[in-house]
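Asks: no sequence for this one, just the structure:
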């Protein structure tokens, strides 16, 4: 993974006859805004946050924006910083990645209309049709189970914090807990091993989940390179898909045909460093479609990243660590490419152009009805970042 010191940003490629028209939503990590782009790669709308940095956001059908992020009062300790004595869970999760502390809903004009605070939420959320919200929450795994979990590594004489797992939690609009699924209870401590190249800080590192039409939940566990389908009624795993086909994957999603789409990062894989997008039939566990670059290493993001399925089966790929958005057709043809020009400071001497996820909404999407989407309304911002 790398790029030229003079690489072009903004819209770098577009074949209109192949692309799916619409508006692309993105939230540069460590920034203060979410942006909506037109097909020319120009900003047509902006939501600006105060005291919060976004992880990613989704546009709801009613036109509001739902965002998960972290309040700026939380610092991030170095990943190899001192942990003796072991810190409490709410401090330990700051070093795990994907950590958040707040989910907020804004109207089109940027007014805050709802929020939920929880220092242990992370990575992903789903807004349900009944207005409830589901999300991932870090939890301490009971010591008797943690001792049985295999894999991972620790440094000599290191005192590690308690092993961390993931719950899937549902709350109502008032913030009251409605349901909770303990994913770690369903896994096998001996079979579902932590990658030996990862610190023994957490068992699963859940980074994505989605709901299936029958109410089951598909869940991605990065540290064990495993995607599972959970029946919430029986709290049992009904499908497993993992190594050697997956390596620290992200962004699982349920497609219209019932198949599962996965961004397979490829970190610590048995192949050359490269990423790909997979479509899996959960009835047969067969790969029915995949996209990888030629050469494969031309697409690689070992962390974050995702894939959004579009009409006509195009896919909008978010190569997160390079800040590249790439739309491809079912035949693997590139249709649209945009490179993030927003470089944000993540810490002392650390700058990044990372994008966690991106979504594209068609012009007739209900949430865009009646909205003015004109790049001229953001001339200064577009010009400052070379977008026009």
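Replies: Done, it's in. Keep in mind the model is a prediction, meaning the values are calculated, not measured. Numbering: from 1, shown residues only.
Asks: How are the helices of the chain distributed by residue range?
Replies: 89-92, 143-146, 379-384 (DSSP state H).
Asks: what sits up against the second one?
Replies: If I follow you right, that is helix 143-146. Identification of contacts with helix 143-146 by C-beta atoms under 8 Å, 6 or more residues apart in numbering yields 162, 163, 184, 189, 203. All C-beta atoms are positioned from the backbone trio N, CA, C, and that covers glycine.
Asks: Mind doing that once more with 10 Å?
Replies: 140, 160, 162, 163, 164, 165, 184, 185, 187, 189, 200, 203 (C-beta atoms under 10 Å, 6 or more residues apart in numbering).
Asks: For the fifth one, give me its contacts.
Replies: Contacts were defined as C-beta under 10 Å, 6+ apart; by that measure residue 164 touches 89, 92-93, 96, 120, 122, 138-141, 146, 184, 201-205, 223.
Asks: cool, residue 83 as well?
Replies: By C-beta under 10 Å, 6+ apart, the contact list for residue 83 reads 77, 91, 92, 95, 154, 155, 158, 159, 160, 161, 199, 201.
Asks: Quick check: of the residues you listed, which lies closest to residue 372?
Replies: Using C-beta to C-beta, residue 95 comes nearest to residue 372 of the contacts of residue 83, at 42.4 Å.
Asks: any idea how far residue 199 is from that closest one?
Replies: To residue 199, residue 95 is 9 Å away according to C-beta to C-beta, to the nearest Å.
Asks: Quickly list what's touching both of these two.
Replies: Residues touching both residue 95 and residue 199 (C-beta under 10 Å, 6+ apart): 79, 80, 83.
Asks: What about the first one? Give its phi and psi, please.
Replies: Here the main-chain torsion angles of residue 79 (degrees, to the nearest 10) amount to phi -60, psi -20.
Asks: still on that earlier bit, what's the farthest-apart pair in the contacts of residue 83?
Replies: 91 and 155 (19.1 Å).
Asks: so who does residue 331 touch?
Replies: Contacts of residue 331 by C-beta under 10 Å, 6+ apart are 18, 291, 313.
Asks: Point out where the chain drops to low pLDDT.
Replies: Filtered on pLDDT under 70, the chain yields the residue ranges 1.
Asks: Quick check: the residue of it positioned farthest from its centre vs residue 84, distance?
Replies: What lies farthest from the middle of the chain is residue 157; by C-alpha atoms, centre = their mean that is 34.0 Å. As judged by C-beta to C-beta, residue 157 and residue 84 stand 9 Å apart.
Asks: swap in residue 108?
Replies: Distance from residue 108 to residue 84, counting by C-beta to C-beta: 49 Å.
Asks: ok, now residue 57?
Replies: For residue 57 relative to residue 84 (C-beta to C-beta), the value is 37 Å.
Asks: Of those two, which one has the most company?
Replies: residue 57 (27 against 10; other C-beta atoms under 10 Å).
Asks: who are the neighbours in contact with the nearest residue in space to the more buried one that is not next to it in sequence?
Replies: Leaving aside its sequence neighbours, residue 57 sits nearest to residue 67 (C-beta to C-beta, 6 or more residues apart in numbering; 3.9 Å). Going by C-beta under 10 Å, 6+ apart, residue 67 touches 27, 34, 47, 49, 52, 54-58, 100, 102-106, 115, 125.
Asks: Can you tell me which of the residues you listed are buried?
Replies: In these, burial by neighbour count holds for 27, 34, 47, 49, 52, 54-58, 100, 102-106, 125, counting by 16 or more other C-beta atoms under 10 Å.
Asks: can you count the residues close to residue 243?
Replies: Counted with other C-beta under 10 Å, the neighbours of residue 243 add up to 14.
Asks: Next: the one 10 residues further on.
Replies: With neighbours defined by other C-beta under 10 Å, the count for residue 253 comes to 19.
Asks: Contacts only, for it.
Replies: Counting by C-beta under 10 Å, 6+ apart, residue 253 touches 208-211, 218, 220, 259-263, 306-309.
Asks: what about it, distance to residue 211?
Replies: With C-beta to C-beta as the criterion, residue 253 and residue 211 are 10 Å apart.
Asks: same question, residue 110
Replies: For residue 110, the distance to residue 211 - C-beta to C-beta - is 28 Å.
Asks: for residue 363, same thing?
Replies: The value you get for residue 363 to residue 211, if C-beta to C-beta is used, is 26 Å.
Asks: So for those two, which sits in the more crowded spot?
Replies: residue 211 (15 against 12).
Asks: Dig out what the more buried one forms beta bridges with.
Replies: Beta-bridge partners for residue 211, by DSSP bridges, are residue 217.
Asks: That one is in contact with residue 218, isn't it?
Replies: Yes. Contact status for residue 211 versus residue 218: in contact at 7.9 Å, counting by C-beta atoms under 10 Å.
Asks: residues shared between the contacts of these two?
Replies: Applying C-beta under 10 Å, 6+ apart, one finds that residue 211 and residue 218 are jointly contacted by 253, 254.
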